[in-house]
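[1] no sequence on this one, just coordinates:
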């Protein structure tokens, strides 16, 4: 009985070690699996993961329109005061008063890329962009206004 | 056909023609010393680079690729850096032992080079107790390691050195038994005899089951003896910073580093000699034509090929397996490897007596 256990121990141990070696051996013999990006050399063809979080941006469409309603949910969600929403009131075509954003100030130097603002946004106005070359010589350049000048909210977004 | 034997004989003839025998012998000694030192330096560079490349490939990385074509000169640059670095000696260290330790470890490596047959009739010293000599000398390296650990006056170093001592003393046994298996099959301790016995097939094929078991045991035991992962408890970066060479820097550290790789090369060379026929080309029984074709590949190429295959195997282990705990390490030796190798020795004795091997 003891001997049987002993032998099965040895067999199990060896087979599990061989399993590990098969995996690493596969990687060794398949150089196409290599995932290293030689970054400064391949800046043009750099492959980044889709979920890479580099900075918060506000996408604008061709008519210079965004979907931000100025609800300040992102500002409330931000744990370290990175986002500041400055709102204003606009009058829509039928004369109704409507809240809109004047500027959405984003301070990259405070941002930890925690993604909470993106989750909080009800109208998907802001997203995470995969840019990571953020270094500048002047700190003030890190404070960004996300909405483009002259942009307005797209029709039908409440 | 290229052969190292031809070069050595012509050099010897020339020396004995030009000088008196004593002078010629002295000059031959100098040549041998220079050759072995340059082999060491070269091996250090090549093996470190190989290790880094293999590790990178296994971990889906590229490895060194900036210095020279494909990173070829990375280790040269590293060595230059280490030579120029200051070799620091801790204040309360035992200065004499501290400085001596790396040389002891290196010296053991150099002594082990003597009986290895690199090619046909290309051997420094064909001693008739070659295998015994190897197992005797290889256990001396632990003295250097203990020296380094003790002289550093550092608890990490001492712990690492003690672990290394326990490890080498225990794994020496199963390595010795694995080597004995081949000695039983061959009936000789002389390395050239062992190689000659494999003329019609390597022992790993001729000795079938016991030789295979012995080979696996040998590889495990020598991985432990050279203090490499998964048995690198003596260094154990994550627990002991660097183990016995924590306090070493500059060229003294480089010597330890070099000695590790030299030891790997040597144990793999011995493994290749015992199980894969050393410089002997791949011969299969009586297939004259096939054997003749295989003879066209120079014996030094065969030897190096086999050795580097085994080195690759050990590197493969290192980058696949996690490190063992110290109690697991000793369990593995005393509860598994030692009983199995004893049983294996019995098996091979029976097989050798009854002539069941090929």
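    Now that the structure is in, tell me what you want to look at. From a predicted model like this one, the values you see are computed outputs, not experimental measurements.
[2] switch to C-alpha atoms for all contacts and neighbour counts from now on
    OK.
[3] helices along chain A, start to end?
    Ranges of helices within chain A are A:2-29, A:73-77, A:116-120, based on DSSP state H.
[4] chain B: which of those is closest?
    Closest approach to chain B among these is made by helix A:2-29 (4.7 Å; CA to the nearest CA).
[5] quick check: mean pLDDT of that closest one?
    Averaged over helix A:2-29, pLDDT sits at 88.
[6] elements contacting it?
    Identification of packing neighbours for helix A:2-29 by 3 or more CA pairs under 8 Å, 6 or more residues apart in numbering or on different chains; DSSP states H and E yields helix B:21-58, helix B:299-318.
[7] run a quick neighbour tally on residue 86.
    Since you didn't name a chain, this refers to chain A. The number of residues packed around residue A:86, counting by other CA atoms under 10 Å in any protein chain shown, is 13.
[8] let's do chain B instead
    Around residue B:86 there are 12 other residues, counting by other CA under 10 Å.
[9] hmm, residue B:249 and it touching each other?
    Yes. With contact defined as CA atoms under 8 Å, residue B:86 reaches residue B:249; the gap is 7.1 Å.
[10] could you identify which of the helices and strands packed on helix A:2-29 is most buried?
    Mean neighbour counts were compared across the helices and strands packed on helix A:2-29 using mean count of other CA atoms under 10 Å in any protein chain shown; the top stretch is helix B:299-318, at a mean of 20.
[11] what's downstream of that helix, the next helix or strand?
    Taking DSSP states H and E as the definition, the helix or strand that follows helix B:299-318 towards the C-terminus is helix B:326-331.
[12] which helices and strands does that following helix pack with?
    Using 3+ CA pairs under 8 Å, 6+ apart: helix B:326-331 touches helix B:155-186.
[13] the helix it packs on near chain A anywhere?
    No. Helix B:155-186 is not in contact with chain A by CA under 8 Å from any CA of the partner chain; minimum separation 16.0 Å.
[14] those residues of chain A touching chain B, which are they?
    So far as CA under 8 Å from any CA goes, chain A lies against chain B at A:10, A:17, A:20-21, A:24-25, A:27-28, A:31, A:33-36.
[15] domain ranges for chain A?
    A:2-34, A:55-153 (automatic domain parsing).
[16] deepest-packed of those domains, please.
    Buried most deeply of these, by mean count of other CA under 10 Å, is domain A:55-153, with a mean of 16.
[17] figure out the length between the terminal residues of it.
    End-to-end distance of domain A:55-153 (CA to CA, to the nearest Å): 22 Å.
[18] now stretch B:223-242: buried residues?
    Judged by neighbour count (16 or more other CA atoms under 10 Å in any protein chain shown), stretch B:223-242 contains these buried residues: B:223-236, B:240, B:242.
[19] on that earlier part again, got the domains of chain A as JSON lines, with distance to residue B:284 columns?
    As requested, the domains of chain A are exported to JSON lines (distance: least, CA to CA, whole Å):
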{"stretch": "domain A:2-34", "distance to residue B:284": "28"}
{"stretch": "domain A:55-153", "distance to residue B:284": "60"}
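[20] how about the residues of the stretch 251-358 of chain B that lie near chain A?
    By the rule CA under 8 Å from any CA, the part of the stretch 251-358 of chain B lying against chain A is B:316-317, B:319-321, B:336.
[21] quick one: low-confidence residue ranges for the chain.
    I went with chain A, as the question did not name one. Counting by pLDDT under 70, chain A has low-confidence residues at A:92-93, A:95, A:157-158.
[22] not what I meant, chain B
    Across chain B, residues meeting the criterion (pLDDT under 70) sit at B:1-2.
[23] can you pull the contacts of whichever residue of chain A sits closest to chain B?
    Per CA to the nearest CA, residue A:34 is where chain A lies closest to chain B, at 4.3 Å. By CA atoms under 8 Å, 6 or more residues apart in numbering or on different chains, residue A:34 lies in contact with B:57, B:60-62.
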